[in-house]
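Enquirer: this one's structure only:
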């Protein structure tokens with residue numbers, strides 16, 4: 001079967017450019033973060049590069065070789081930037097810009113269309129494959145850390161693309177591309193181009209799925225979390241509880257800590273509500289740094305917080321409580337508040353894990369009674385109540 005390689009290039013370039021225009025238009029509405037702009041420009045750049053390539057031998061080599069290859073590479077680079085922005089990580093611009101400058105220099109030196117075809121193909125495949133690897137690494141981190149299943153699909157697609165670029169690079173280095181021109185029919189080169197035509201829309205659709213899943217999670221998360229501390233609210237605690245206790249045996253226990261920041265009213269009255277908010281955020285960050293991934297942390301209201309420790313009994317719960325008190329004292333010292341030194345009063349209640357969904361309300365009441373005893377006993381104490 002003979003396929004017109006130039007037509008495949010042209011259609012791929014048009015589709016990619018059109019996608020870029022749509023994304024760019026959405027970015028211009030101002031309703032999205034900067035990553036959408038990078039995503040749109042990446043598609044526009046790669047699409048323009050592919051379209052310029054289709055005019056090889058019809059326009060000057062500078063445009064169909066140097067500019068075409070650089071625009072395509074910049075497209076992959078900006079796609080990597082998009083992934084990093086989605087991951088909320090900074091991009092080390094200087095090393096990448098240096099690499100791009102080196103690539104531009106190499107292509108300028110090898111722009112004669114009658115020579116260096118295999119060398120140019122190997123260089124282009126290597127750098128595009130490198131950026132595909134970086135994208136896969138970033139989206140895999142998003143999948144693992146944020147539990148976004150569609151991010152695994154993005155990772156898989158870019159991993160396959162990186163592998164294809166690797167094979168194309170090897171074929172170029174060994175002069176097994178299937179011809180002396182990028183438009184030669186048959187051979188590995190033609191099938192790589194056909195694969196690119198299929199994969200390009202796939203990775204855009206998969207990235208869209210990942211982004212939509214993430215946005216949906218964020219909106220749900222906002223509804224179930226306290227906006228000041230990012231701790232779960234009461235609805236969030238109830239929603240997360242059933243998943244948190246799955247996998248534990250019927251004989252296991254779950255500890256609940258009800259934590260209150262002592263003298264918090266004085267902090268607000270003497271130091272201001274802005275300082276009080278900063279104290280709550282500091283406390284929340286400190287608590288999260290001390291808990292396991294399976295533990296739940298929620299704001300009950302005001303300066304009162306709930307910590308649920310699945311699979312932990314009274315001993316483990318008290319150890320966590322003591323660790324929190326120590327860490328909080330150290331954090332308060334770092335804030336250098338001489339006038340007031342807040343401490344933590346904690347009530348601890350324990351129940352069987354399999355009874356938790358039905359007994360959470362009663363468990364909170366038990367912990368509240370224990371917290372009251374801690375307050376009455378002079379504050380900065382841990383009081384335990386054991387339930388049946």
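Expert: Looks like it arrived, so ask away. Just so it is clear, the structure is predicted and the values come from calculations on it, not from any experiment. Residues are numbered from 1 along each chain as shown.

Enquirer: Please make it C-alpha for all contacts and neighbour counts, starting now.
Expert: Fine.

Enquirer: Quick check, residue 123 in contact with residue 168.
Expert: No. Look at residue 123 against residue 168 with C-alpha atoms under 8 Å: they stay out of range, at 10.1 Å.

Enquirer: List the buried residues of the strand or helix carrying residue 205.
Expert: Following DSSP states H and E, one finds residue 205 within helix 187-223. Neighbour-count burial for helix 187-223, with 16 or more other C-alpha atoms under 10 Å as criterion, is recorded at 188-194, 196-197, 199-200, 202-204, 206-207, 209-211, 214.

Enquirer: for residue 183, helix, strand, or coil?
Expert: Of the three states, residue 183 takes coil under DSSP: H, G, I helix; E, B strand; the rest coil.

Enquirer: ok, now which ones touch it?
Expert: 4, 5, 6, 190 (C-alpha atoms under 8 Å, 6 or more residues apart in numbering).

Enquirer: Just name the lowest-scoring one in the residues you listed, pLDDT-wise.
Expert: Across the contacts of residue 183, the bottom pLDDT score, 73, is held by residue 190.

Enquirer: Please report how far that one lies from residue 327.
Expert: Distance, residue 190 to residue 327, by C-alpha to C-alpha, to the nearest Å: 62 Å.

Enquirer: swap in residue 150?
Expert: Residue 150 is 37 Å from residue 327, where distance means C-alpha to C-alpha.

Enquirer: now swap in residue 17 and tell me
Expert: Distance, residue 17 to residue 327, by C-alpha to C-alpha: 54 Å.

Enquirer: Show me which of these two is the more surrounded one.
Expert: The neighbour comparison of residue 17 against residue 327 (other C-alpha atoms under 10 Å) goes to residue 17, with 24 against 17.

Enquirer: Quick check, pLDDT for residue 337.
Expert: If you check residue 337, the pLDDT there is 59.

Enquirer: Oops, could you answer that again for residue 248 instead?
Expert: Residue 248 carries a pLDDT value of 69.

Enquirer: and residue 58, what are its phi and psi?
Expert: phi -110, psi -20 (degrees, to the nearest 10).

Enquirer: Could you check how many residues crowd around it?
Expert: Using other C-alpha under 10 Å, residue 58 has 10 neighbouring residues.

Enquirer: swap in residue 111?
Expert: 21.

Enquirer: Go ahead and confirm it touches residue 63.
Expert: No. Residue 111 is beyond contact range of residue 63, at 9.3 Å (criterion: C-alpha under 8 Å).
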